[in-house]
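Student: predicted model, plus sequence, below.
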Amino acid sequence: MMLLKKLRALLAATLLALPLPAAAKGNDADPALWVVKDADTTLYLFGTIHVLKPGLSWFDAAVKNAFDSSDDLVLEMVQPPAPEMQAIVMKAGFTTTGPTLPEKLTAPDRAAYLKALTGFGLPATALDRADPWLAATQLSLIPVMKSGYDASNGPETVLSAAARAAGKKVIGLETAEQQIGYFDSLPEPLQIKFLNSTVKDLPEVDTSLNDMVADWSAGKPERLGKTMNEGMRDTPEIGRILLTDRNLRWADWIDQRMTQPGTVFVAVGAGHLAGKDSVIAQLKKRKLKARRINY
């Protein structure tokens, strides 16, 4: 189940591109921050939660100081304009031929899926031509958004806006097409499993996300990473695609970037910075030490 929650967490950042609202002052959060340094290069590593509620004060103290001192901002992906993102999703996530989505489900799963759709006030045919992975994501985002979470309050959006205002360069480690492709390339049986699990877990979505945000806010990366990545053991092939291979590529990018002078702020999902296969662990193999900044 945790693997499927990881799938939903990654898609939340990819599919939600909403205007940035003004956030009220609220609870203080101190998420984990690391630094990698050599003689002429400083690279900060910051783990994110892709969607947050307004009013959580995290972009301050050491995080703000590290960002302000950086020349470039590096994200998992630079969010394209909404029309371009919509076109990418439509091309990858919808089909015009073959069985409809409900027809691909067993009778019990079909009934649960249709009940979830209509329970949210959607027509029973709303996602008939959607791939299972996209239907799963759309359904899981509804309770998240109703609870007040959205990507416009998430660190990626806040950091991107601050970078533009400061004239900093924003770099993506991946493209939108690549991130969508991770899901679109999943075998259909696994996509259907993802959808069925999403429907079953809908009542728990808000509680699970609240728990992860609490660990993130308290600066508990290992606990957060364990929660986010636990299910990868059950499906190692998907874990390799979504986590291990990406961590390797990102560690290689950082290793190469450390050969250039300057200061860089790298912000990626918090699950990528904890555990034995994390970016930090991969950097250690490359003789690069990431030091936790206490603040």
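Tutor: The structure has been received and is ready for your questions.
Student: all strands for this structure, in order.
Tutor: 33-37, 41-48, 72-77, 169-174, 262-269, 291-292 (DSSP state E).
Student: possible to save those strands as TSV with distance to Leu101, mean pLDDT and mean neighbour count?
Tutor: (C-beta placed from N, C-alpha, C; glycine too.) As requested, the strands of the chain are exported to TSV (distance: least, Cβ to Cβ, whole Å; pLDDT from 0 to 100; neighbours: other Cβ atoms under 10 Å):
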stretch	distance to Leu101	mean pLDDT	mean neighbour count
strand 33-37	42	98	20
strand 41-48	31	98	23
strand 72-77	26	98	22
strand 169-174	27	98	15
strand 262-269	28	97	21
strand 291-292	45	98	12
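Student: how about those, which one is nearest Gly154?
Tutor: Nearest of the strands of the chain to Gly154, taken as Cβ to Cβ: strand 41-48 at 6.7 Å.
Student: pull up the pairing partners for that closest one, direction included.
Tutor: strand 33-37 (antiparallel), strand 262-269 (parallel) (DSSP bridges).
Student: list the contacts for the closest residue to Arg286 other than its chain neighbours?
Tutor: Leaving out its chain neighbours, the residue that sits closest to Arg286 by Cβ to Cβ, 6 or more residues apart in numbering is Asp255, at 4.8 Å. Applying Cβ atoms under 8 Å, 6 or more residues apart in numbering to Asp255 gives the contacts 283, 286, 288.
Student: for the stretch 101-250 of the chain, which residues score under the pLDDT cut-off?
Tutor: 230-235 (pLDDT under 70).
Student: 90 instead?
Tutor: Along the stretch 101-250 of the chain, segments meeting pLDDT under 90 span 140, 144-147, 150-153, 183, 190, 194, 197, 201, 204-209, 222-243.
Student: what about the helices in it?
Tutor: 107-119, 132-146, 155-166, 176-184, 188-201, 205-217, 221-229, 236-239, 245-257 (DSSP state H, counting those that start in this stretch).
Student: how about the fifth one: buried residues?
Tutor: By that I understand helix 188-201. For helix 188-201, a neighbour-count test (16 or more other Cβ atoms under 10 Å) marks 190-199, 201 as buried.
Student: what's the angle between that helix and helix 107-119?
Tutor: 60 degrees (axes from the mean of the first three to the mean of the last three Cα atoms, to 10 degrees).
Student: tell me how far helix 188-201 lies from the chain's centre.
Tutor: Offset of helix 188-201 from its chain centre (Cα atoms, centre = their mean, to the nearest Å): 18 Å.
Student: the first one too?
Tutor: Put simply, helix 107-119 sits 27 Å off its chain's centre (Cα atoms, centre = their mean).
Student: what does stretch 33-50 give?
Tutor: 18 Å.
Student: need the distance between the two termini of it.
Tutor: 16 Å (Cα to Cα, to the nearest Å).
Student: equivalent analysis for stretch 71-82, please.
Tutor: 26 Å.
Student: same question for stretch 179-195.
Tutor: Stretch 179-195 has an end-to-end distance of 18 Å (Cα to Cα).
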